[in-house]
Structure formats: structure tokens, C-alpha cells
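>>> need coordinates for the below:
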Amino acid sequence: MSIWNVCLTHHPRYAGLYRAVNDFARACGGPILSFDATASTTSIDHRSGIYALAVKGWSTTGPHWIPRRVQTEAAELLTGADGIVAHSLFRAHCRFVVHWARRTGKPYWVVPHGCLDPWGLGNRRLAKRLWLDIEGQRTFTTARGVFFATGREMAKAEPWIGDARSIVTPWPVEQPDPGQQADRRRTFRDIHHIPSDSRVLLFVGRLHSMKRPRELIDAFRVAALPACHLVIVGMDGDITSDSLERYAGRPEQSRVHVVGPLHGDDLAASMAASDTFVSLSYRENFGYAVADALAAGLPVILSDGHDLAHDLPLCGAGPGSCGWLVTDDSITIAATAMRAFSSAPTPEIAEMGRVAETLARDRFSRRAFHRAVEAEVNGGRTSTCTIPHA
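Alright, predicted model coming up:
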């Protein structure tokens with residue numbers, strides 16, 4: 001079986017989406033076809049299994065139309081494909097996939113990646129509603145199935161997908177090597193001048209207003225936790241690291257450390273150095289950073305906008321819990337959760353971390369994800385294709 005993954009611009013700057021497409025491609029065992037609205041030339045890399053077709057559209061986030069020449073090139077690349085997994089909505093690649101499936105008689109699946117969340121639908125509302133009315137019904141009703149990362153993401157999407165078949169399977173994460181955690185913790189804290197006896201709250205994510213990094217700093221200030229530090233990790237979005245540093249103030253006084261993007265061992269070190277993960281994002285349909293933090297044994301403090309939060313035991317400090325749920329977007333309630341974390345006894349925090357690690361091992365394993373995707377698209381059979389790790 002040769003199952004391709006089709007997406008818009010496939011680039012690490014798209015963080016979780018980029019990672020999810022790679023995860024699906026590895027599970028399907030097939031290549032990635034990317035319609036790239038930012039590229040000036042087409043890039044065909046048979047060794048990596050990534051085929052990026054340059055196509056100009058009305059937006060750099062993805063084309064609203066695909067020239068016939070590019071459609072022909074894409075169809076030629078897909079010769080021999082047994083099916084397609086299409087990622088994201090609202091762009092011309094969905095129309096291409098639907099037409100390809102009708103012409104070839106082959107199946108396709110859709111992965112919305114949170115596109116049908118009410119918060120996201122509120123942005124460019126008229127354009128998205130027009131797409132749903134014109135293209136959406138055809139896209140969903142003729143799909144073999146629609147993949148969701150959480151049950152809550154699926155529930156939010158139900159008004160739009162009609163009778164389409166839903167498949168819920170959490171995206172996968174790796175668990176860190178416990179043998180390296182102590183050294184990583186010590187080294188990261190030394191670099192950023194964080195005392196060994198301080199508690200660290202960690203945020204990882206793109207610096208975007210949707211993820212509310214400024215409000216996170218505000219809540220930390222209101223919480224007034226002299227024995228805690230806040231570490232903010234992430235690449236620039238519509239907010240830059242420089243502007244956020246200025247907003248936070250000097251780390252020596254504010255105890256807020258804006259460290260920019262981290263990857264690989266450096267990102268693992270930031271988690272090893274921390275004592276909880278915190279995010280007040282308006283919307284996260286899965287949140288790889290949250291799952292990574294759980295796998296690293298960190299309790300979490302999450303806003304209600306995290307769909308994954310509603311699949312977790314967030315009951316505060318106590319047996320069986322792995323963190324706190326911030327029930328609305330107020331700074332005061334977020335600060336209250338931070339204070340509860342700060343005052344919880346160390347043994348309780350450690351136990352919450354063990355619960356988090358066990359949950360991650362049980363729910364977010366790569367083996368379970370591969371089995372779920374293979375059972376759906378390949379009937380349990382995969383071909384071979386090397387997809388680079390995010």
C-alpha cells in the first residue's frame with residue numbers, strides 16, 4: 001500500500017502541524033506532497049520522500065487555487081498512490097484531493113488539525129463559512145474518514161462534518177531518557193541562573209497572541225511567587241522574543257526567562273529543568289508540547305482551551321491528578337493555579353509527575369498511533385519511506 005500525505009507548506013516553522021504531518025507519514029509509510037505557497041521553485045527529493053510543489057496563491061499560508069500545470073505535476077507524482085491523507089482545510093489542496101479521489105476511485109482521509117474549532121472559525125469567519133458551505137460538505141462526505149487528536153476536537157467539529165466517519169487517536173510523543181535528566185536539569189538552570197531550590201514553570205510554544213504569552217507573564221506577576229521562575233520557550237510568531245523580553249523585564253527582577261526557540265536536546269533540557277508546564281492558550285486541538293511535558297514527568301497547568309486537558313485528570317494536587325485546569329481566561333484564576341502549584345508539597349508534585357509520565361506512556365506511544373493509523377489506511381501494512389524527524 002502507498003498512502004501519501006498531502007499538505008500545505010511543509011516547514012518546521014509550523015511546529016506542531018509540521019510534526020504531525022511527519023508522524024502521519026511515518027505511520028502510513030508513504031511520501032509527503034506539499035503545495036508550497038512560499039517557494040519559488042519546486043523541490044523533489046526522492047530520498048527523503050518529500051515533494052514540495054511551488055504554487056502561488058492569494059496567501060503565503062497556502063494557495064486558494066492551484067494552476068493546472070501544478071495539478072498535472074501533482075497527479076503524476078501520485079501515480080501508483082493507493083490513497084491520500086489530506087491535512088488542514090480551507091485551501092485549494094482539499095479540492096485537488098477530492099477531484100483526484102473521484103477520478104482515480106481511490107480513498108482519502110482528512111485531518112483538520114483544529115481548523116473546525118469555534119475559536120479558529122471566528123478568524124476570517126466569512127471566508128471560512130463560505131468554504132464550508134461550498135467545499136466542506138463535499139470534502140467530508142466523500143472522505144473515508146476524518147482523524148482527530150482528541151474527543152473534544154471531534155465534538156467541536158461534529159456540526160460541520162455531517163455523517164463523515166470520525167477516528168480519534170492522540171498524536172505520538174517520545175519519552176526522554178531518565179538517565180540524562182539530572183545533568184540536563186543542572187546545566188539548564190546554571191545557564192539561566194536559576195537556583196537549584198527554585199520551582200520552574202515552563203511554557204513551550206510559538207509566541208503568538210492565540211497562545212497568550214503576555215497574559216501568562218501577567219498571571220505570573222499577579223501570583224507573586226518569589227520562589228518560582230517562569231521560562232518561556234518558542235519561536236517568534238506575531239509576538240517576538242525581543243518584545244516579550246521587554247514586556248517581562250530583566251530576569252534578575254522579574255524571574256521570567258524568554259529564551260527563544262529550542263530543539264532536540266536543548267528543549268529536553270528545558271523540560272528536565274522545570275517542575276510544571278503551563279499554557280493559557282485560547283485554543284490547542286492537541287498540543288504536542290503538553291504531551292511532551294507529560295512524557296517528561298511534568299504536572300501541567302492548562303487553560304480550558306486545550307482539548308487534551310479534558311482527557312486528563314486535572315484535579316489539583318492530590319492522588320491520581322497530573323495538574324490543574326484553568327477554567328476560564330481570567331488572569332486571577334490562572335494566578336490561583338500557579339499559587340497552588342507553588343505551595344504544593346514536593347512529594348505531591350513528584351507523584352503528579354509520575355501520574356503524568358504513566359499517562360503519556362499509555363496514551364501517546366508511537367506504537368499505538370502507528371497501529372491506529374495503519375489499521376485505518378493500510379489495513380496494517382506499510383511500505384518503506386524515510387521521513388525526517390521534527
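
>>> could you say what helices and strands the lowest-mean-pLDDT helix or strand in the chain packs with?
Ranked by mean pLDDT, DSSP states H and E, the weakest helix or strand in the chain is strand 43-45, scoring a mean of 78. If contacts are counted by 3 or more C-beta pairs under 8 Å, 6 or more residues apart in numbering; DSSP states H and E, strand 43-45 sits against strand 50-54. Glycine gets a C-beta too; all of them are placed from N, C-alpha and C.

>>> buried ones in the next helix or strand after the strand it packs on, by neighbour count?
For strand 50-54, the following helix or strand on the C-terminal side (DSSP states H and E) is helix 68-77. Residues Val70, Gln71, Glu73, Ala74 are the ones in helix 68-77 that count as buried (16 or more other C-beta atoms under 10 Å).

>>> list the contacts of the third one.
To tie it back to what came earlier, the one meant is Glu73. Thr42, Leu53 (C-beta atoms under 8 Å, 6 or more residues apart in numbering).

>>> and it, what's its pLDDT?
We have a pLDDT of 93 for Glu73.

>>> any idea how far Ala92 is from it?
14 Å (C-beta to C-beta, to the nearest Å).

>>> partners of the least confident helix or strand of the chain in the sheet?
Neighbouring strands of strand 43-45 in its sheet, by DSSP bridges, are strand 50-54 (antiparallel).

>>> dump the strand it pairs with to CSV, restricted to CA.
Extracted C-alpha coordinates of strand 50-54, given in CSV (Å, rounded to 0.1, in the frame of the first residue of the first chain):
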residue,chain,number,x,y,z
ILE,A,50,9.2,15.0,0.5
TYR,A,51,7.9,16.6,-2.7
ALA,A,52,7.3,20.3,-2.5
LEU,A,53,5.5,21.9,-5.4
ALA,A,54,5.9,25.7,-5.7
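
>>> tell me which two of the buried residues of helix 68-77 sit farthest apart.
Greatest spatial distance in those: Gln71 and Glu73, 7.3 Å, computed using C-beta to C-beta.

>>> what about Ser243, neighbour count?
15 (other C-beta atoms under 10 Å).

>>> and the pLDDT at it?
Note for Ser243: predicted pLDDT of 97.

>>> show me the contacts for it.
Contacts of Ser243 were listed using C-beta under 8 Å, 6+ apart, and none were found.

>>> how about the helices in the stretch 151-300 of the chain?
151-161, 181-191, 213-223, 241-248, 251-254, 264-272, 288-295 (DSSP state H, counting those that start in this stretch).

>>> buried deepest among the ones you listed, which one?
Greatest average neighbour count among the helices of the stretch 151-300 of the chain goes to helix 288-295 (a mean of 26), per mean count of other C-beta atoms under 10 Å.

>>> give me the average confidence score over that one.
On average, helix 288-295 scores 97.
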